[in-house]
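# Any chance you can model this:
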Amino acid sequence: MTETTESAPSGKISEDAAAAEFDRFVELMDLDPVDDVSLSSEDKADRDGARTRVIRAISNGSLFINNAGEPVFTPQRTDGAETLTFHEPTGAALLEMDRVKKNADINKTYRLLQSITGVASHNHFSKLKMGDLKVCLAVLTLFMG
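Here you go, the predicted model:
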């Protein structure tokens, strides 16, 4: 688990407030705009879906954006799952994918998630229930966009 200096806000917030937090995340992490017209229709659909999922998680209180602009997610469906802080990926995080054999795409994804969250094992993500894993994958999609 990664330490944060601030605590998660309690309870739900409005969709508008969640969207504003999302925009702050995009700005602080210098992410590519979600509405980028140069994206293919498939990539745009993936980014739009990730945006919607992250805003929903912010709105329901399971995810917040810390002062550094990092998403901090507390899994809601997986008993005993630790809170995850998603740090901005580095080139070294991308190299983690090379440690996995060709065509092992899910394992590569889990290694990348492990690297940017700092969890002890990439197997951590295989234990998350799908609803929680989808939030993690949405954050990763936005970082990698």
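# Measure how buried A120 is and give me the count.
Applying the criterion other CB atoms under 10 Å, we find 9 residues in the vicinity of A120. Bear in mind the C-beta positions are built from the backbone N, C-alpha and C, glycine included.
# hang on, I meant G49
14.
# can you pull the contacts of it?
Each residue near G49 by CB atoms under 8 Å, 6 or more residues apart in numbering is listed here: A138, T141.
# Buried residues in the one helix or strand A45 maps to, which are they?
Secondary structure assignment for A45, by DSSP states H and E: helix 41-59. Of the residues in helix 41-59, those buried by neighbour count under the rule 16 or more other CB atoms under 10 Å are K44, D46, R47, A50, R51, R53, V54, I55, A57, I58, S59.
# Show me what secondary structure element comes after it.
Toward the C-terminal end, the helix or strand that comes next after helix 41-59 (DSSP H and E) is strand 63-65.
# What strands flank that next one, and is each parallel or antiparallel?
Taking DSSP bridges as the criterion, strand 63-65 forms sheet pairs with strand 71-73 (antiparallel).
# Pull the distance from the strand it pairs with to the chain's centre.
Offset of strand 71-73 from its chain centre (CA atoms, centre = their mean, to the nearest Å): 7 Å.
# do stretch 85-102 as well
14 Å.
# what's the span of it from first residue to last?
Between the opening and closing residues of stretch 85-102 there is a gap of 28 Å (CA to CA, to the nearest Å).
# The chain: helices as residue ranges?
If you assign secondary structure with DSSP state H, the helices in the chain sit at 15-28, 41-59, 91-95, 105-117, 130-144.
# on that earlier part again, closest one of the buried residues of helix 41-59 to M97?
Checking the buried residues of helix 41-59 against M97 by CB to CB gives D46 as the nearest, at 17.9 Å.
# wait, isn't that closest one in contact with A138?
No - contact criterion CB atoms under 8 Å: D46 and A138 do not qualify, at 9.3 Å.
# is it true that Q114 touches S126?
No - proximity of Q114 to S126 does not meet the contact threshold set by CB under 8 Å, at 10.7 Å.
# Counting neighbours, go ahead and name the busier of the two.
Each of Q114 and S126 had its neighbours counted (other CB under 10 Å), and the higher figure belongs to Q114 (18 against 11).
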